[in-house]
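J.: sequence first, predicted model second:
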Amino acid sequence: MIEAPAPLPAQDSTVPRGAVLRRGIRANPLLVAGAAGSALILLVALLAPLLAPFPGDAGTATHPLLVLRPPSAQHWFGTDNVGRDVCSRVLYGARISPLIAVIVLLIATVLGIPLGVMAGYFGGWLDEVIMRVTDIFLAFPPLLLALAFAAVLPTSLTTVIIAIAITWWPWYTRLIRGQAASVAGRPYIEACRALGISRWRILVRHILPNSITPLLVQISFDVGGVILTASALSFLGLGAQDPTPDWGLMVAEGQGYFTTAWWVVTFPGLAILFTAFTFNLFGDGLRDLLDPKRTFL
Amino acid sequence: MKPHRAWPIASGCAVALLLAACGGSSSSTAPPHQASQVFTYDTTATVMDDGWDPATEYSDGVLAMNNMYETLTRFNPATHGVSPLLATSWSKSANGLTWTFQLRHGVYFHTGRPMNAQAAKAAIDRTIALNGGAAYIWGAVKSIDATGPYTLVFRLKYPAPLDLQSSADYSAYIYDTKAPNGQPLAKWLNAGHDAGTGPYTAQTWNKGQELEVIEKSFPRYWGGWSGPHYTKVVFRVVSSDTTSAQLLRSGQVTFVEQMNPFLWRSLQGVPGIHLVSSPSWQNLLGQFNAKALSLPVRQAIAYGINYPGIVAALKGAAVPASGIVPAGLLGHFSDLPGNYSYDPAKATQLLNQAGYGPGKKQLNLTLTYTSGDSNEQVVASLMKSSLAKLNINLTAQSLAWPTQWAKGKSANASQRQDIFIEYWWPDYADPYSWFVNLLATEKQPYFNLSYYSNPTLDAQINRVESLVATNRTAGINLYRTMQSEILQEAPLTVLYENNYQYAMSSHFTGFKVNPAYPNVVFVYDLKPTGS
Amino acid sequence: MIVYAARRIALAVLVIAGVLVLTFVIARVVPGDPAATWAGPHASAAQVAAARKFLGLDRPPAVQLLSYLGGVLAGNWGVSVHTHQPVLSDIGTAAPASLELVTAALILAVLVGVPLGLVAARWPDGLLDHSIRAGAILGVSMPVFWMALILQLVFSQRLHLLPAAGEFSPGLLFTHPLARHTGADVVDALITGNWPMFGSTLTHLVLPAIVVAAYPCGLIARIVRAQVLDTIGETHVQMARALGFRERSVYGRFAMKLAWNPVAATLALVFGYSLVNTFLVEAVFDWPGLGSYAAASIAALDTPATLGVTLFIALVYVVANLVVDIVQAAIDPRIRLR
C-alpha cells in the first residue's frame, strides 16, 4: 500500500482523450501486459469450476492415499499434505483474492470518498477533524491495524475483509480531499457559486469527475496491496480457514513440507506474486496513460 | 501424560549441544573433537512452561527434569520391569501393603546435601501434600518412614505396584526440600534452579528464548564421569520443522524430537544423521463433549472418522489403534468388540436417530487441536473431510497448547469445544493413567475433556489398581471390561498410536528409546564419538 | 523553523493520543469476557464478579479509557497471557532484534535501490530501465513470507551458503559468549570486539535482511528514478552539464541531491511497514524479534501482547515520520512554507 509521495494534482490535458488513448496503448506495454494479466486472473476466477480438474479438492474432499505427490500428468501442481490437487485449489483461490480486493476497495471508496469530498470542499473545522482522524488511522502501517482487528475478531474471510477495509479508507479520503481542495479553489467554481448553482451540483458535476483519474490509478495499485495484505493475514492464521483454498493459507499449511514437497508452497506463492505483480503493472501503466505530464515511476 | 506438547511427550531431557559443530557457517563437515561436549535437543514448544517444581511439573519440563532429577527406580523396556536407580533394592510384604526400599549411598543433591532416607521421605511427603502434577501415583501411600539412614518404608492403604509407580516420569523425583540459604523452596526452584541428584544441573534459564535451558554436568554425580560423556545439555526451542531439519544437517543441533514424517524420511541416507523409528505408548485421542453431544451422535462421529486414511496420510508416524490402551502395555487388547472403524453407513444410521445426517439437519461442531503440530493439522483436515460427507460441518481451531487447554477447562460450558484433540501417554508403565485422568468424573474439568461422568466406571477405576496388584488376571479382565464400556459410550475415540520418528546426529552412541519416558533422552547414557 | 517543528510535534502528540484511543477500542471489541479469562476456568460467579471489579471493567467506558491511557503512559501495558510477563518488558526484549533486522534491511535497500534507480534514469526506456522497473514492481509485489521460504530453501538447504535460522551459532555461546548491551546482537558483538560472534551474527542476518529489503528496495529504485528524471531537465542540472561535469556526477551529485528528500520520507514510511513485515519473516528464520513474539501471541489468542506490539509499532511509526518531517523541513525550507 505504501506508495510514492501523493500524486500531483490532475492537470487538464490539452490533447484529446481519444488520441491519448490510442497513442497510449502502443507506448504503454506495461498497461497492456498488466491489463492482460489481470483479465486472465479474473477469467480464471470465473471459470474455475470448469478449469479445475478436481473441483471437490477446493472444498472438503481429501485423498489420504495421494498425499504429497509431486507434479505429474494427473496433478499438474502435485498434491498437498491431505492429497488435494494443488492446481485446482490454486485456480479456485483466484476467486478469493480478487473478491477480497473488490469488496475491500468498494468499502474503502464508499467510506472514503464522501468524507474526502466534504473535507476538501467545505474546508474549515470539518476538514481539520476528518484529516486528524485519517492521520490516526494512517499512523499504523497497513498490515498492522488490519492484524490488530483480525486478531480480536473471530477468524474468517469476513473478518479479513472488514479488517483491511478499516485500514484502507483513509488513503482515499486523503486522495479525494486533495483533489477536491485544489479544484474547489479555482475561479470557475466561484463563478458557479455566484451563479447560484448548488454546492451539491458543483460537487457532483465538477469536483468528482476531476478526481477520477488519480482515484483509478490508486485503486489499481491497491488491488495488489490488498491481495498481499490479505494473504499475509491468512498466512498468520487470521483469515480464511481450512479447507478454503486461500493462497496465503496454502503457503502457511505447506511450510513444514516445503523442503520435501516444494510444490505445495511454490504454486500458491507464485499465484500471489503474479496477481499482485500484474495489478501493479496495470496500475503503473494506467498512471502513465492518464497523467502524461507526469514522469512515470 | 501430559498432552501438552504436540509430539514430545514428557520427560526426555536430552539435549546436548554439539559444541564442536557450530562455527558460524552452516557447513555439514564434522565438528572437531573438543573438551566440552554439548548436546542440543531441538524441541518445538517451550520446555519449562509449567514451572520448575519437581513435585508439580506436569508438562514438557519432563525433558529437562529427567536429566536433573532421578527417581527411585527406572523403567527398563528390555525387561519390562524396573531397574535400580536411587534405590538399590526393594521388597514388599506378603500382603503387599508394605514396601521397603534400600537407598543408594554416596548420592548428593545439587544443593550439596547428601541424599538419605530422611531427605527422600521429605521429598515424597511434600509431593503428596502439594497434590499437583501426577501426585496421584502416590495415591496408595498411607505413610512413609525412614527406618534407617538409607532405608525407606512405605505403608499402603491398598496393594499397589509401588516399584513401578516410583519410576514415573512425573512427580516421582527425589529432591532436596531445603533450598540454599533457607529460601522458600518453590520460589527458589521457579527462579530456574534445581534440587535434584541427576547427572546434570541447571546452569542457565533463558526464559522465553530459543536456547531456553542450559544444563551442565554435576561433578559429584554418583555415576561418575569416566569415559566420554556430554558435559552440557541445551534445550533449543525451534518451532519450524524445516528449520530443525536444517539445523540438524548443519550440525547445530544433536537431536530433533519431532518433525513431520516426510521431512523425517528425507533425511534418510544423509551422512552424519541417524534416524530412529520406534513404537510408543502414546496415542492421539479425540475427546467428544459428552455434555453437548448425545450418545448416538458421539458414536456416529466415531464411525465417521477415516482411521485408515489418517494412518496412510501420516506415512509411518501413526499405527492403527485398538482400544484405549496402546500396544505393549498391560490391558491392551487387539480384539475388543466394538472397536471403531471407518463405517459411514453406520454413522449415517446413528445420525439419523438424532435427526442429523445427509439430507437432514446439518450438525455444526467445533474441534480444537494444538498449533505447531503438523500431524494434528492433517488429522483435523481429514476429519473435516470425512464428517462433511455426513452433513456435519466441522470447524477446526488451531490453538497454542496452553490456550487450547484453558478453553477446554473453562467454567463457561458454552466456550468449550465439541471435540478435543490431544495426545496421551502414561505416567508410569501402566494403563491406569488413561482411565483415572481422562474418564473419571471431575468436579472441575482438568483432563477429562469429554466432561464424561459414569459412576459405574468410577467405581471400577477405583478398584482396578489394587486388583492388578493382587490378582493380575482379574485386573486385566477389568481393564477389558472398562474398555468395552468406554467404546460403547464413546466419550472419546483413539485416532492412532504414535510411532516415534526421531532424527539425530550420528556422532554419539548409546541412545535407546524408552517408551516409559516419552521423548526423553538420558544424555548421561550417551557416548559422544566426536568423529 | 521552531514554529514548524512545534506544530508538527503537537500534531504528532494528537495522533498518538488518537492511536491510544483506537487501540483501546480494539481491545474492547474483543468478544468474550476478559474478567472470566482473568478469574480462570475454575472461578465461581462471585469470583468473576470480583475480577470484573478488580480489572475495573464495571466502570463506565470513559473512565476505563482514562485509566487505560494512564496505565499506558505509566508503562503498564498489561501482562502477556502466554509468557506471563509484562507486555512492555517482553517488547523490550524482542524489539532490538527486529529493529536490527529492519535497519539492516533498509541499509541494504538504499545501497541497492539508489544505484539501480540512478542507472534506470540514466538510460531511460532502454532494456536496463525496463528490467529495473519490472524488477522494482516485482519487489513490491512479492509476498514476503513466500520469499523467505524460497530463499531459505535455496541458499541454506540447497547451496549451503548461508545459515538456516537463528541469530548466531549456538556453539559460540560457550566459546565466545556474547555480552548483551543493546540487545541487537550484531551491534553488541561489534562493541565488545567479539569477532567470531560478529561474523556469525552477520551471516545469520543476511537472508532475513534480504527478504525484508525487497519491498523498500523496489520502492526506492522507483522513487529515485522518478525524481532524477524529473530534475534532470532542470536548469541547474543543465548548468552542471554545461560546466563540463561528467554525466556520472551530473546524475550522481546534482540530480540525486533532490532525490534524497523523497527517499528519506519513504524510508520513514517503509520503516514501519517493514517492521510489520518481520511478523511474516521472523518465524521462518527463527529470529527472536517482535515478529516471532507477535506471531506467538496471535496463536495463543494473547490480546494484551498483540495489542501491545501494535501500539509499540504505531508509536515508532509516528515518531519516525515526525523525525523525518522535521529533518526534511530543516534541510528544505520550502517545506516549512507550504
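T.: Received it, and whenever you're ready, just let me know what you need. Quick caveat: nothing in here was measured; it's all calculated off a predicted structure. Residues are numbered from 1 along each chain as shown, chains lettered A, B, ... in the order given.

J.: skipping adjacent residues, who's closest to the residue of chain B found nearest chain A in space?
T.: Closest to chain A within chain B is B:Gly309: 3.4 Å, counting by CB to the nearest CB. All C-beta spots, glycine's among them, are computed from the backbone N, C-alpha and C. Among residues not flanking B:Gly309 along the chain, A:Pro64 sits closest, at 3.4 Å (CB to CB, 6 or more residues apart in numbering or on different chains).

J.: show the pLDDT at that neighbour.
T.: In this model, A:Pro64 is scored at 90, pLDDT.

J.: is it true that it touches B:Tyr307?
T.: No - contact criterion CB atoms under 8 Å: A:Pro64 and B:Tyr307 do not qualify, at 10.1 Å.

J.: related to what we said a few turns ago, gap between the residue nearest to B:Gly309 and B:Leu263?
T.: 18 Å (CB to CB, to the nearest Å).

J.: swap in B:Ser341?
T.: As defined by CB to CB, B:Ser341 lies at a distance of 30 Å from B:Leu263.

J.: so the two - more neighbours on which side?
T.: B:Leu263 (23 against 12; other CB atoms under 10 Å in any protein chain shown).

J.: who's in contact with that one?
T.: For B:Leu263, the contact set (CB atoms under 8 Å, 6 or more residues apart in numbering or on different chains) comprises A:Gly256, A:Tyr257, A:Thr259, A:Thr260, B:Asp241, B:Thr242, B:Ala245.

J.: if we use 6 Å, what do you get?
T.: With contact set as CB atoms under 6 Å, 6 or more residues apart in numbering or on different chains, B:Leu263 has these partners: A:Thr260, B:Asp241, B:Ala245.

J.: test my guess that the second one contacts B:Met259.
T.: Yes - applying CB atoms under 6 Å, one finds B:Asp241 in contact with B:Met259, separated by 4.2 Å.

J.: the residue lying closest to B:Ala440 once chain neighbours are set aside: how many residues sit nearby?
T.: Nearest residue to B:Ala440 in three dimensions, chain neighbours excluded: B:Ile461, at 5.2 Å (CB to CB, 6+ apart). Look at B:Ile461: counted by other CB under 10 Å, it has 20 neighbours.

J.: same deal with B:Leu467?
T.: Count around B:Leu467 with other CB under 10 Å applied: 20.

J.: confidence score at the residue nearest to it when sequence neighbours are not counted?
T.: Nearest residue to B:Leu467, sequence neighbours excluded (CB to CB, 6+ apart): B:Gly475, at 4.2 Å. B:Gly475 is assigned 93 on the pLDDT scale.

J.: what's the neighbour count on B:Gly475?
T.: There are 19 residues near B:Gly475, going by other CB under 10 Å.

J.: how much space between it and B:Leu330?
T.: Taking CB to CB, one finds B:Gly475 at 8 Å from B:Leu330.

J.: please apply the same query to C:Ala305.
T.: 45 Å.

J.: quick check: which ranges of the chain have low pLDDT?
T.: In the absence of a named chain, chain A is used. A:1-27, A:291-297 (pLDDT under 70).

J.: that's the wrong chain, I wanted chain C
T.: In chain C (pLDDT under 70), the answer is C:29-45, C:47-48, C:51, C:54-57, C:170-171, C:174, C:252, C:332-338.

J.: near chain A, which residues of it?
T.: For chain C, the contact set with chain A under CB under 6 Å from any CB of the partner chain comprises C:15, C:18-19, C:26, C:29-30, C:137, C:141, C:143, C:145-146, C:149, C:157, C:222-223, C:226, C:229-230, C:262, C:269-270, C:272-273, C:276, C:280, C:298, C:306, C:310, C:313-314, C:317-318.

J.: are any of those residues buried, and if so which?
T.: Among these, the ones that count as buried by 16 or more other CB atoms under 10 Å in any protein chain shown are C:15, C:18-19, C:26, C:137, C:141, C:143, C:145-146, C:149, C:157, C:222-223, C:226, C:229-230, C:262, C:269-270, C:272-273, C:276, C:280, C:298, C:306, C:310, C:313-314, C:317-318.

J.: burial check on the spatially closest residue to B:His274 that is not a sequence neighbour, number of neighbours?
T.: Closest residue to B:His274 apart from its sequence neighbours, by CB to CB, 6+ apart: B:Ser506 at 4.2 Å. Other residues lying near B:Ser506 total 14 when counted by other CB under 10 Å.

J.: the one 10 residues further on too?
T.: The local packing of B:Ala516 (other CB under 10 Å) involves 25 other residues.

J.: now do the same for the residue of the stretch 251-400 of chain B with the smallest separation from chain C: its pLDDT.
T.: Closest residue of the stretch 251-400 of chain B to chain C, CB to the nearest CB: B:Ala400 (4.1 Å). Note on B:Ala400: pLDDT of 80.

J.: got a list of what it touches?
T.: B:Ala400 sits in contact with B:Ser371, C:Ala299, C:Ala300, where contact means CB under 6 Å, 6+ apart.

J.: can you pull the residues of chain A lying near chain C?
T.: Checking chain A against chain C by CB under 6 Å from any CB, the hits are A:2, A:4-5, A:135-136, A:139-141, A:143-144, A:148, A:151-152, A:224, A:228, A:231-232, A:235-236, A:251, A:258-259, A:265, A:269, A:272-273, A:276-277, A:280-281, A:295, A:297.

J.: what segments of chain B are helices?
T.: B:62-68, B:117-130, B:162-165, B:185-190, B:241-249, B:261-266, B:295-303, B:307-313, B:344-353, B:374-388, B:401-409, B:432-438, B:455-470, B:472-489 (DSSP state H).

J.: show the average pLDDT along the third one.
T.: Averaging the model's pLDDT scores along helix B:162-165 yields 93.

J.: give me the number of residues near C:Val21?
T.: C:Val21: 14 neighbours (other CB under 10 Å).

J.: leaving out sequence neighbours, find the closest residue to it.
T.: Nearest residue to C:Val21, sequence neighbours excluded (CB to CB, 6+ apart): C:Leu65, at 6.8 Å.

J.: repeat for C:Asp185
T.: C:Thr201 (4.5 Å).

J.: what about that neighbour, which helix or strand?
T.: For C:Thr201, the host element (DSSP states H and E) is helix C:195-232.

J.: can you list the residues of the stretch 201-338 of chain C near chain B?
T.: C:Asp286, C:Pro288, C:Ala299, C:Ala300, C:Leu301.

J.: need phi/psi at the residue in the stretch 201-338 of chain C that chain B sits nearest to.
T.: Residue nearest to chain B within the stretch 201-338 of chain C (CB to the nearest CB): C:Ala300, separated by 4.1 Å. Backbone torsions for C:Ala300, taken as degrees, to the nearest 10, come to phi -100, psi 10.
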